[in-house]
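> Sequence and predicted structure below; questions after.
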Amino acid sequence: MSVDLLQLNVDTLFEQHSVLEIDTVQKKIQTVVENKREELRTMVGERYRDLLKAADTIAAMQTSAGTLIDQVHCVQANCQSLNEQQLLGFKTALTPTATTSEALLQQRAVGKQLNNYYSTMVQIKLLSSLPELIWTHIDKEEFYAATELFLFSRHISTGLQLDAKNALMQQLPVARKQWEILRPFHVTIKQSVIAVLEREQLSAEMAVDCMQSLLLLEKCDLSHVLQTFLQLRATAFVNSLQSQHSDVEKDKPRRVKERILASLNILNGTIELLDKCLLENGLLFKRLAESSATTSPPSITRMDSSERQLAHLLPDIISGYRPQFETPQLTPEKLGEALRQWMAKIDGLASKQLQEIFALVSNMQTIQDIKSAARGSGRHSYNELEEQLKLPQAQLDFYRIKYMPLINARVQEIVRSSWAAAMQQTYEKVVAMVQTSTAPAPLLIWREQSDDLPLSLAAALSDQPKRLANRTKGYDSATIELCAQFDAQLAAIVQELNVLLQEQTTRAEDKLTLINFLRTTAQQQLTEYLTQLKALQLQEQQALLQALRNTLALIELCPNLKLCFCQPTSWRQWAGNLTAAGVEHWQRMCSLIEEEMLHMWQLIIDDILAAHSCADKLPQAITHDVVLRDFPLWQTQTLEQRDEEHDQNVQSTIRIPNQPRLSLQTYLHQLIESLNIAVPQTLPSKVLQSFNQKLLTQLLSHYEELAAAECTKTSQNIALQLYFDLKFLERVFGVSREERSLYEHFHALQRSLRDCIDPFDFELFAEHITTHVSRSTARLHGELGVLTPPPATSQGNSTATNASALSHESDPNVLCLSSTGSTSLWFPLLPIVMPQTAAGVVHSERKTLAVEPEKPTTTTPTRKPSTRKTDGNKSKSGAASFFGMSQEWFR
């Protein structure tokens, strides 16, 4: 049976349940009662100790309260006695003369009551006048005078309150009410002092007045006032970094430069105030000495003239009241320790907030204005002050130790961010140009345009890029515009940095650091640009061409890029040894870019060679059908010899190959045509050299297979034609000893083919083959000009560099357009083939056979070199000035 035992109705229980059920209910109720009784005993036992302890505490409190009441009664009695003796005039002891009349006593009593009345009235009048006077001094920011008057009012009010049981005072409740009006001035004056000490501009006189007011108002020692002063100046430092002006111009936002300079002025001004006010013989100690002197005027002299005239009615304790100061003690050690703690706090505030403020500076001109203004804000030397305060050297120059590192860091960040933005914009434009790149029409590339040539001599002599010269390098108008924009951004960076470097206040080591940082940033950004460009993994020929030409154009068409590495002339007075290092870094960067671009060139030439492989274009085996189709008609040569035995001339006829195989010529022409379609401009020399090496490697592999074939070993004519092809390739591609592996491969293959030819026949054919190779090379040199290297690189002998330079002058077939490493471009003109004497050829061939390695012959100019030098110097210099290209273009 589940029922609530506390809500049982006995009558209902007996009516509805049996006896057994009622007995069960009774047992349950008994169990509950026993449980409750046990819980009550437990609770009383646990709380008994707390009850005893509380009782003891109550008894002790009763005793303490009784003692306190007795002491309050004693103090009240003493104050009443003091009031009767001093505040209401000193009581003169009655002369115990029995002859004194009652009239004299009554007269004295009446006079005393009258004086007491007048004194009380004057004191109440002073209390009524003091609020307005105190407000006047607060408005004038004369806080010490306001504090002195407040203490004077408290002194008067205390005396009147002690005489509260007097019948006269009971009739004048205005005295108590007047003190209620004066009481809040304690907080008002303190708040006004704190507000003034938190100002950005604070004079020494005002600071002394505020500190003197705090000393008098708070009744504290000078160390506490110093801590309060420094804490308030730290608050002023934090407030100066806010984006709003003071209370007068709260709604007007402040510029970043003003906030930074205001914070610096507060720090420097605080040090100046400490120097003027708190050091030995400071202004504060002088003011305290003047206020504590016995000759200082009493406080009542600050009242109006009407109140001062009633001073004779006041007791001496009120009319002669003046504030009292304890002799302040502040040693330089204590001041230095407090200053160290304050500087540590400033470091914590400046490390975060100042850095955030400097992050808002966006240009170098603002930084220059900050440095110029900060130069005159602080003193020139803090050594003497640091010695007095026993501080470490150079701890008080806040501009040098806190602001200069932030300024330099911000300058570097501006340079880095500007460089990164310029480089990122350039990269994005390059990517966009790469994605939209299309193959230009071949005829459109070399079509003459109106803006190709400069329109005036001044334009020709200017440093602006010449359109005709840029077209020869594959730089279109979009690429030139891209470089112009990038160079303009770099020019802005160099110009802004030049503003700081030209400033006289910037230290030499800081200038050197900025110059070095500019070079490092430029190097990092260019390296990152190359990394991003490589990450694109371009495969298409036009995309690769567009990317590498835009990148190479940055070096040639952006002079300010070089200035970031090689400092301008005006910077070299600070750069010192960095000038040579900058040139070296610039050369390394150019080499790095050229190396990466060469890799892109190799992708292009690999694609071209893969599409036009010699394995697909040339016959893999030489059969009779191939001989009929592929081998050209050999030249028949008649030899005449003297037969000594029969004393007669014997004539014999031999057939000698006079040109390479037709399939080889066709393959080279197809390769040139494909190369012209892919790259209309001529390949740079390094790219051409790499292309030729890969091409010759494929051709040598092909000829090696042909030389190893059985038909070649059994047919002397086939071996002779293949030998002629190899000699032709070696001569026309200018394979020299410097290319050791390729050179040895050529001659090893030639020796293997020569072994297939009868030695007597080969000795008879050798001179004629060499002559035919030379003639065929001269005849096909112009047709194969796209593949043939320039004469300077085709000479196999190890001559001096001067000889290679002269080869440009002696061969009019090739015009040098540029000579900057892998960016060097060569533009072949129509071939000029000159006849050569057979004697000279035979003589040179004999020398070649004697030494085994063969030297390529060069074409003979149509005019004498001396005449060309003398007649062409003036024409070259004049034409170079007009067309906007160097004299080397006309070689």
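It's in.
> Could you list the low-confidence segments of the stretch 501-650 of the chain?
When the per-residue scores of the stretch 501-650 of the chain are filtered using pLDDT under 70, the ranges that remain are 505, 572-579, 643.
> Same check on the stretch 1-150 of the chain?
Low-confidence segments of the stretch 1-150 of the chain (pLDDT under 70): 1-6, 81-103, 105-113.
> And the strands in it?
Taking DSSP state E, counting those that start in this stretch, the stretch 1-150 of the chain contains no strands at all.
> for the chain, same thing?
Defined through DSSP state E, the strands belonging to the chain, from first to last, are 635-643, 648-656, 814-816, 826-828.
> The ones you listed into JSON lines, with extra columns for distance to residue 352 and mean neighbour count?
Just so you know, the C-beta spots here come from the backbone N, C-alpha and C atoms, and that holds for glycine as well. Output for those, formatted as JSON lines (distance: least, Cβ to Cβ, whole Å; neighbours: other Cβ atoms under 10 Å):
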{"stretch": "strand 635-643", "distance to residue 352": "91", "mean neighbour count": "10"}
{"stretch": "strand 648-656", "distance to residue 352": "90", "mean neighbour count": "11"}
{"stretch": "strand 814-816", "distance to residue 352": "61", "mean neighbour count": "20"}
{"stretch": "strand 826-828", "distance to residue 352": "61", "mean neighbour count": "19"}
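> of the ones you listed, which approaches residue 42 most closely?
The closest of the strands of the chain to residue 42 is strand 826-828. By Cβ to Cβ, the value is 111.5 Å.
> okay, residue 300: pLDDT?
Among the per-residue scores, residue 300 holds a pLDDT of 82.
> same check, this time on residue 498
In the predicted model, residue 498 carries a pLDDT score of 82.
> Could you measure from it over to residue 116?
86 Å (Cβ to Cβ, to the nearest Å).
> okay, the two: which has more neighbours?
Relative neighbour count places residue 116 above the other of residue 498 and residue 116, with 18 against 15, counting by other Cβ atoms under 10 Å.
> separation between that one and residue 314?
The value you get for residue 116 to residue 314, if Cβ to Cβ is used, is 12 Å.
> Contact partners for residue 392?
Residues touching residue 392, when contacts are defined by Cβ atoms under 8 Å, 6 or more residues apart in numbering, comprise residue 386.
> So for the residue nearest to residue 692 when sequence neighbours are not counted, what's the pLDDT?
Of all residues beyond its chain neighbours, the one nearest residue 692 is residue 733 (5.3 Å), with distances taken as Cβ to Cβ, 6 or more residues apart in numbering. With respect to pLDDT, residue 733 has a value of 88.
> Kindly provide the distance from residue 733 to residue 688.
For residue 733, the distance to residue 688 equals 10 Å [Cβ to Cβ].
> now swap in residue 587 and tell me
Counting by Cβ to Cβ, the gap between residue 587 and residue 688 amounts to 22 Å.
> quick one: which of the two has more around it?
A side-by-side neighbour count of residue 587 and residue 688, using other Cβ under 10 Å, places residue 688 first with 24 against 13.
> Next one: that one from residue 698, what distance?
With distances defined as Cβ to Cβ, the gap from residue 688 to residue 698 amounts to 16 Å.
> now do residue 788
Remark: distance between residue 788 and residue 698 (Cβ to Cβ) = 17 Å.
> And for residue 728?
Separation of residue 728 from residue 698 (Cβ to Cβ): 16 Å.
> Kindly report the same for residue 423.
According to Cβ to Cβ, residue 423 stands 39 Å off from residue 698.
> Looking only at neighbour counts, state which of these two leads.
The residue with the greater number of neighbours, taking residue 423 and residue 698 and applying other Cβ under 10 Å, is residue 423; the counts read 22 against 16.
> List the contacts of that one.
525-526, 528-529.
> between these, which has the most around it?
Result: residue 526 is most packed of the contacts of residue 423 (other Cβ under 10 Å), 22 neighbours.
> wait, doesn't it sit right on residue 589?
Yes: when contacts are counted by Cβ atoms under 8 Å, residue 526 is listed as touching residue 589 (6.0 Å).
> Now for the two: what residues contact both?
Between them, residue 526 and residue 589 share no neighbouring residue, with contact defined by Cβ under 8 Å, 6+ apart.
> does residue 303 really touch residue 134, like I thought?
No: under the criterion of Cβ under 8 Å, residue 303 makes no contact with residue 134, lying 11.1 Å away.
> So which of those two has more stuff around it?
Neighbours of residue 303 and residue 134, each counted by other Cβ under 10 Å, are more numerous for residue 134; the result is 24 against 19.
> what's that one in contact with, if anything?
Taking Cβ under 8 Å, 6+ apart as the criterion, residue 134 is in contact with 146, 149-150, 153, 182, 185, 189.
> Of those residues, which is the nearest to residue 506?
For the contacts of residue 134, the minimum distance to residue 506 (Cβ to Cβ) is 47.2 Å, reached by residue 189.
> show me the contacts for that closest one.
By Cβ under 8 Å, 6+ apart, the contact set of residue 189 is 134, 138, 143, 146-147, 150, 213, 217.
> Below-threshold pLDDT in the stretch 301-450 of the chain: ranges please.
Across the stretch 301-450 of the chain, the ranges flagged by pLDDT under 70 are 327, 378-381, 394, 440-450.
> now the strands of the chain in CSV, with distance to residue 38?
Conversion of the strands of the chain to CSV gives the following (distance: least, Cβ to Cβ, whole Å):
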stretch, distance to residue 38
strand 635-643, 138
strand 648-656, 136
strand 814-816, 118
strand 826-828, 115
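> so residue 687 touches residue 599, yeah?
No: using Cβ under 8 Å as the test, residue 687 is too far from residue 599 to be in contact (10.6 Å).
> who's more crowded, these two?
For residue 687 and residue 599, the more surrounded residue by other Cβ under 10 Å is residue 687, and the numbers stand at 23 against 12.
> ok, for the more buried one, nearest residue in space, not its chain neighbours?
Taking Cβ to Cβ, 6+ apart as the measure, residue 687 lies nearest to residue 601, with 4.2 Å between them; neighbours along the chain are not counted.
> Which stretches in the stretch 401-550 of the chain count as helices?
Taking DSSP state H, counting those that start in this stretch as the criterion, the stretch 401-550 of the chain carries its helices at 404-435, 442-445, 457-461, 467-472, 477-501, 508-535, 541-557.
> Can you give me the buried ones in the first one?
In other words, helix 404-435. Using 16 or more other Cβ atoms under 10 Å as the burial criterion, the residues of helix 404-435 that qualify are 404, 406-408, 410-412, 414-416, 418-419, 422-423, 426-427, 429-431, 433-434.
> re the thing from before, next, give phi and psi for the residue nearest to residue 692.
phi -90, psi 0 (degrees, to the nearest 10).
> Correct me if wrong: it contacts residue 787.
Yes: applying Cβ under 8 Å, one finds residue 733 in contact with residue 787, separated by 7.2 Å.
> Could you name every residue contacting both of the two?
With contacts defined as Cβ under 8 Å, 6+ apart, the residues adjacent to both residue 733 and residue 787 are residue 692.
> Specify which residue of these two has the higher count of neighbours.
residue 733 (24 against 18).
> Contact partners for that one?
Residues touching residue 733, when contacts are defined by Cβ under 8 Å, 6+ apart, comprise 692, 696, 787-789, 794.
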